[in-house]
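**Student:** give me a 3D structure for the following:
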Amino acid sequence: MITLDSLEALRAFAGQPPALTPWQTVDQDTINRFGLATGDTQWIHMDPERAKAESPYGAAIAHGLLTLSLLPGLFASAMRFPNRRLAVNYGFDRVRFTQAVKAGARIRAAFSLAAMDELPDGQARLNWDVRIDIDGEQRPALVARWLTQVAYHNGNKEQS
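**Tutor:** Numbers count the residues shown, from 1 in each chain. Next up is the predicted model:
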């Protein structure tokens, strides 16, 4: 677990090896719940028997957007930000789904701080290079440039 409790800690982390998360299973129930929540109930995601018989993957696969939406939880499993007063998702400069995640596969993420733009009032815009790996596969499921913005308390060591 990486602790980034200040702008100074962020500066020091930039350019370091990526923070890796623990492995996490993407099960069929998660895929089904995501499909129902988003209205994307395509059979390749939601019908494991048909997907096994008809899809080029030989199994049901996670929605690409489900894989992307797992980033905040994965991020929280690898990074701590004590003394942070605010964090917001600023967007993505680039997202590529480079390999399908089959139902039941284990994934993990790697987060590298590629750039940091300091802003007024103890804030910074962070550019994260993100990769989601699939256990046992050569190619990642996802590569992205994720932009976040953080603000730190000034001198108050309150936990966020």
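**Student:** please make it C-alpha for all contacts and neighbour counts, starting now.
**Tutor:** Noted.
**Student:** would you put the C-alpha positions of the lengthiest helix in the chain in CSV?
**Tutor:** Once the chain is assigned using DSSP state H, the helix that runs over the most residues is helix 28-38. Extracted C-alpha coordinates of helix 28-38, given in CSV (Å, rounded to 0.1, in the frame of the first residue of the first chain):
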residue,chain,number,x,y,z
GLN,A,28,-20.6,-13.5,-13.6
ASP,A,29,-22.8,-12.0,-10.9
THR,A,30,-20.9,-8.8,-11.1
ILE,A,31,-21.1,-8.8,-14.9
ASN,A,32,-24.9,-9.4,-14.7
ARG,A,33,-25.5,-6.6,-12.1
PHE,A,34,-23.5,-4.2,-14.2
GLY,A,35,-25.4,-5.1,-17.3
LEU,A,36,-28.8,-4.6,-15.6
ALA,A,37,-27.6,-1.3,-14.1
THR,A,38,-26.5,0.1,-17.4
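**Student:** mind checking how far it is from the chain centre?
**Tutor:** 18 Å (Cα atoms, centre = their mean, to the nearest Å).
**Student:** find the nearest non-adjacent residue to the most centrally placed residue in the chain, please.
**Tutor:** In the chain, the C-alpha closest to the average C-alpha coordinate belongs to L71, at a distance of 2.0 Å (Cα atoms, centre = their mean). Leaving aside its sequence neighbours, L71 sits nearest to A109 (Cα to Cα, 6 or more residues apart in numbering; 7.7 Å).
**Student:** element containing that neighbour?
**Tutor:** strand 105-119 (DSSP states H and E).
**Student:** just checking, next helix/strand downstream of that strand?
**Tutor:** strand 123-134.
**Student:** that next one vs strand 105-119, what angle?
**Tutor:** For strand 123-134 against strand 105-119, the angle by axes from the mean of the first three to the mean of the last three Cα atoms, to 10 degrees is 160 degrees.
**Student:** sheet-wise, list the partners of strand 123-134 with their directions.
**Tutor:** Take DSSP bridges as the rule and strand 123-134 pairs in its sheet with strand 105-119 (antiparallel), strand 142-152 (antiparallel).
**Student:** for those, which one sits closest to A62?
**Tutor:** Among the strands paired with strand 123-134, the nearest to A62 by Cα to Cα is strand 105-119 (9.4 Å).
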